[in-house]
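Undergrad: please find the sequence and the predicted model below.
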Amino acid sequence: MHTLVSALRTPRALRSRVFLAVALGSFALLAPAPASAGWPLHPDDGGLPLCTAADYQWYAQAIEDGSGGLFVVWRDDRGRTVSLPNNSDVYAQHVSAAGVPLWGANGVAVCTDLGTQDRPALCGDGAGGVYVAWSDGRTGNNDIWAQHLNAAGAPQWLVNGFRAARLDAANDYAPSLVSDGAGGFLTVWYSYDAATGTRLRAQRMNAAGFQLWGTTGVAIGGPAGNQTDPRVLADGAGGMVLSWVQGSTPRSIRAQRVSGAGAAQWGTMGVAVTDTTRAASRTHYLAPGLAGGARFLVHDTAIVPTPWYRDLDGTGASVRWAQVLPATAWSEIMTGACAGDSGATLVSTTNGGFESVQRIAADGTLDWGPHGQPVSPDTLGRTMYVTLARDGAGGAYLVGTAVDTTTHFYEVRAQHVRWDRSLAWEDEGRTFASAVTGDQQAPQAFATDHGVIALWQDYRTVATTGLDLYAQRMDSTGTPGVPVLDVQGAGGANVLALAAPWPNPARSGAAVTLRFTLPVAARVTLALHDVAGRRVRVLADGAFAAGDHRVRIEDGEALAPGLYFARLTTPQGAAPGTAPGTALTRRIVIVR
């Protein structure tokens, strides 16, 4: 276990190990045991388990909750039995910014009806809860069903949900959801029947669960031929913009805008994002763009695969069609895309030897040069970045997988590209969870305050209890654990601050993290005192730069259970208006 004395570059003398443990004490000294949940504070801790129920938990989807945490839904096979081998359910979890699973151990049931419930998706309800939709085979054919969970994770509609649409001759699959901005949601899915093939349909449902576009939803339209792989984005006016793969040979990408009343806005055929003269890849992404429109990111595979983007305005007119990276002798494969800051779009690519990231400004400028910013060298154990998230300051977090050269299992890693294209961390990136016996796969990245959250499919117990879901948070310094606190004073200036210890109370053998913020560089002392005021141990003593710092108190050296005080003193007066000797104090309770 590494000792973390500061999230910044701190004096070498302060990097010694600091230990905190608990000796067995009397029952009278016991305090209520703390919750075991919370972001682990070291990669060796293995990440935060979101669901480790029996059998497989997979096909997870997640969205940011707006407060630094995540809502997660997944297909769950814990109800599968010998007599019901195809039975699968839908479960959900809400994990807070502090890493606390708020909807109980292993999540809450969204639908546990008989049959196969599969490929769930979700969107926020605007009131702290979520809407969830999925493909459901309970009646024989697959239909789209939905449920509304409130902020406490309680279902608001009938047990096992309402049907979003029913087409007796068709099977419906893979819904995508967006909020309609009025307390309800919009969903699009693909529907297959033998007569027409695979076609897209859509539905709008309100907060009461009523189908606003009829019992069968509405057809998206478009040319004859199969329509698959839809992507959807709210248009800000109660409707949505969507794109899909049209046809198979040749294949193209098309788009449509649908109003809040279910009417096609870009003609009955929609508009072409790519045309049939170019063999478009199935891989495409949709990002916010001009008002009522969108930015579409696609592959041009006519000669050498190269990512392009097209901007369409609210009328469906093409504003811009340009390359993300120039064509080279190597195929440039787009691996991920997401909305960036200030209207920009972030795109990650690979050419089989190097990974790169590009930021496309709202006006189409390639901010990070014509070739983007390389982020992973062509070395043994290099990271293949497949998902990314904005960092809130014009940069990007990239998350992917790499083979650990010691364990030979895949692990999830991240890299931080700052706004100026510089890499914040070492070439191989930072690991979310190490020393795990089993692969970590299918990672997803989500923005959170001063950091990034990764969600992944975990194989560590696949041979015994099945696949599980894990997550971990990494702050802007590349350190796993609790969020960095942005302590602000009057007028927004940083102030001298000592954050609450975490976790607190602390169990026997548990590590405790203390964070402090300095508005200017200063010499500080952080010490642990007992209830009599005696100094028990010096945790940090030296000169620190302005900004956020943290001290990790680790297990190993016994202290009696009881009450302790962490005291931060600034002999020189580390904040404007504070006198020399200013002290800030936080209580720490140690329990057996």
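TA: That came in fine, so what should we check first? Residues are numbered from 1 along each chain as shown.
Undergrad: what's near enough to touch Val178?
TA: Cys123, Phe185, Leu186, Thr187, Val232, Leu233, Ala234, Met240 (Cβ atoms under 8 Å, 6 or more residues apart in numbering). C-beta: built from backbone N, CA, C; applies to glycine.
Undergrad: let's go with 6 Å and repeat that
TA: Cys123, Leu186, Val232, Ala234, Met240 (Cβ atoms under 6 Å, 6 or more residues apart in numbering).
Undergrad: repeat for Ser259
TA: Contacts of Ser259 (Cβ under 6 Å, 6+ apart): Gly239, Gln265.
Undergrad: redo that, cut-off 10 Å
TA: Residues near Ser259 by Cβ atoms under 10 Å, 6 or more residues apart in numbering: Arg204, Asp235, Ala237, Gly238, Gly239, Met240, Gln265.
Undergrad: strands along the stretch 251-400 of the chain, start to end?
TA: 252-258, 271-272, 285-288, 294-300, 306-312, 318-323, 333-339, 345-350, 355-360, 373-376, 384-390, 396-403 (DSSP state E, counting those that start in this stretch).
Undergrad: got a markdown table for those strands, with mean neighbour count, distance to Asp427 and mean pLDDT too?
TA: Formatted as a markdown table, these follow (neighbours: other Cβ atoms under 10 Å; distance: least, Cβ to Cβ, whole Å; pLDDT from 0 to 100):
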| stretch | mean neighbour count | distance to Asp427 | mean pLDDT |
| --- | --- | --- | --- |
| strand 252-258 | 25 | 34 | 92 |
| strand 271-272 | 18 | 41 | 92 |
| strand 285-288 | 21 | 26 | 88 |
| strand 294-300 | 25 | 26 | 85 |
| strand 306-312 | 23 | 23 | 87 |
| strand 318-323 | 14 | 27 | 88 |
| strand 333-339 | 21 | 18 | 88 |
| strand 345-350 | 26 | 15 | 90 |
| strand 355-360 | 25 | 11 | 91 |
| strand 373-376 | 22 | 7 | 86 |
| strand 384-390 | 23 | 13 | 88 |
| strand 396-403 | 25 | 11 | 92 |
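Undergrad: how about those, which one is nearest Gly562?
TA: strand 396-403 (40.6 Å; Cβ to Cβ).
Undergrad: if we can go back for a sec, the strands of the stretch 251-400 of the chain: which one's closest to Thr81?
TA: From those, taking Cβ to Cβ, the stretch that ends up closest is strand 396-403, at 32.7 Å.
Undergrad: just put the strands of the stretch 251-400 of the chain in a markdown table and tack on distance to Leu526.
TA: A markdown table is the format used below for these (distance: least, Cβ to Cβ, whole Å):
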| stretch | distance to Leu526 |
| --- | --- |
| strand 252-258 | 56 |
| strand 271-272 | 61 |
| strand 285-288 | 44 |
| strand 294-300 | 48 |
| strand 306-312 | 49 |
| strand 318-323 | 52 |
| strand 333-339 | 38 |
| strand 345-350 | 38 |
| strand 355-360 | 38 |
| strand 373-376 | 36 |
| strand 384-390 | 32 |
| strand 396-403 | 30 |
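Undergrad: do you know which of the ones you listed lies nearest Asp180?
TA: Here strand 252-258 is closest among these (Cβ to Cβ), at 10.8 Å.
Undergrad: just how off-centre is that closest one within its chain?
TA: 27 Å (Cα atoms, centre = their mean, to the nearest Å).
Undergrad: what's the distance between Glu64 and Phe446?
TA: 5 Å (Cβ to Cβ, to the nearest Å).
Undergrad: I'm done for today, thanks for sticking with me.
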